[in-house]
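# Predicted coordinates and the sequence they were generated for:
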Amino acid sequence: QVQLQESGPGLVKPSQTLSLTCTVSGDSISWGAYYWSWIRQLPGKGLECIGYIYTGGSPYYNPSLKSRLTIALDTSKNQLSLRLHSVTAADTAVYFCARSRIAAGEPHYFDSWGQGTLVTVSA
Amino acid sequence: DIQMTQSPSSLSASVGDRVTITCQASHDINNYLNWYQQKPGTAPKLLIYDTSNLETGVPSRFSGSGSGTFFTFTISSLQPEDIAIYYCQQYHNRPLTFGGGTKVEIK
């Protein structure tokens, strides 16, 4: 059974870069059968799909974050990464990584999630 | 972006009650809709995909229906373990978007 685990600093200073890693076990991200995604949940609010990528494809970034965002796969480590630059307090959220099956070249549904990690942006 | 509007934002019902949540899309999304359950402090869990297909292992008291812009999610007999926030999510257009959630509580 696939498992996803997010890791990274829980506190980031404003204007700095938020960096997170998602380690995948029980499945190979090299297989190319899934999108690997980042989703965040702002405090007390709903869910926002930040972006996603699959092996051999270009990453997709939510236009609201595109200019500040980098998502990548490290197949040697079976990891997904997120870098969000120039963060502000508005980026404070729980960040989840998730796996999505692919349908017609697009994400279908998120069938496996990490537990999530809270990142606070504060001086 | 396709806006997903859930109603109600919260509800309180008794154990055994039938509970219905609606999700309205700002544009036609065919049947490209999924439903998730999120319990406090945990990640969302997929319950239903493609509007009406039950994910493996999900109890049959959960169901979904709809098409186009209007969708419903039903719990046929509310159980104490169903206390959670429920989200709809469309995958018809990028970016993928979620509804604002419906918090279900026991009366």
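All right, it came through fine.
# how much space between the closest residue to A:Asp27 other than its chain neighbours and A:Trp113?
If the residues on either side of it in the chain are set aside, A:Asp27 comes closest to A:Val2, at 4.1 Å by CB to CB, 6 or more residues apart in numbering or on different chains. Any C-beta I mention is one placed from the backbone N, CA and C, and that applies to glycine too. Between A:Val2 and A:Trp113 the computed distance is 10 Å (CB to CB, to the nearest Å).
# rewinding a little: which residues are in contact with the residue nearest to A:Asp27?
A:24-27, A:99, A:112 (CB atoms under 8 Å, 6 or more residues apart in numbering or on different chains).
# Just among those, which is most surrounded?
Neighbours here mean other CB atoms under 10 Å in any protein chain shown. Within those, the largest count is held by A:Arg99, at 25 neighbours.
# residues from chain B in reach of chain A?
B:34, B:36, B:42-46, B:49-50, B:55, B:87, B:89, B:91, B:94-101 (CB under 8 Å from any CB of the partner chain).
# Just give me the closest of the contacts of A:Val2 to chain B.
Using CB to the nearest CB, A:Ser112 comes nearest to chain B of the contacts of A:Val2, at 8.5 Å.
# Let me see the contact set for that closest one.
A:2-4, A:98-99.
# Equivalent analysis for B:Ser52, please.
B:31, B:63-66.
# Could you give the number of residues near residue 31?
Chain wasn't specified; assuming chain A. For A:Trp31, using other CB under 10 Å, the count is 10.
# Actually, chain B is the one I wanted.
Count around B:Asn31 with other CB under 10 Å applied: 16.
# In contact with residue 34, which residues?
Just so you know, I chose chain A. A:27, A:54, A:99-102.
# Chain B is the one I meant
So B:Asn34 contacts A:109-110, B:46, B:48-50, B:88-91 (CB under 8 Å, 6+ apart).
# Give me the PyMOL select line for the residues you listed, limited to the buried ones.
Remark: buried members of those, expressed as a PyMOL selection using 16 or more other CB atoms under 10 Å in any protein chain shown:
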select buried, (chain A and resi 109+110) or (chain B and resi 46+48+49+88+89+90+91)
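# Can you read off the pLDDT for B:His92?
As predicted, B:His92 sits at a pLDDT of 95.
# out of everything not next to it in sequence, what's closest to A:Leu20?
For A:Leu20, the spatially nearest residue (CB to CB, 6+ apart) is A:Gly8, at 3.9 Å.
# Compute the distance between that neighbour and A:Ser19, please.
For A:Gly8, the distance to A:Ser19 - CB to CB - is 6 Å.
# Touching stretch B:68-76 from outside, list them.
So stretch B:68-76 is contacted by B:18-30, B:33, B:35, B:48, B:51, B:61-66, B:82, B:86, B:88, B:104 (CB under 8 Å, 6+ apart).
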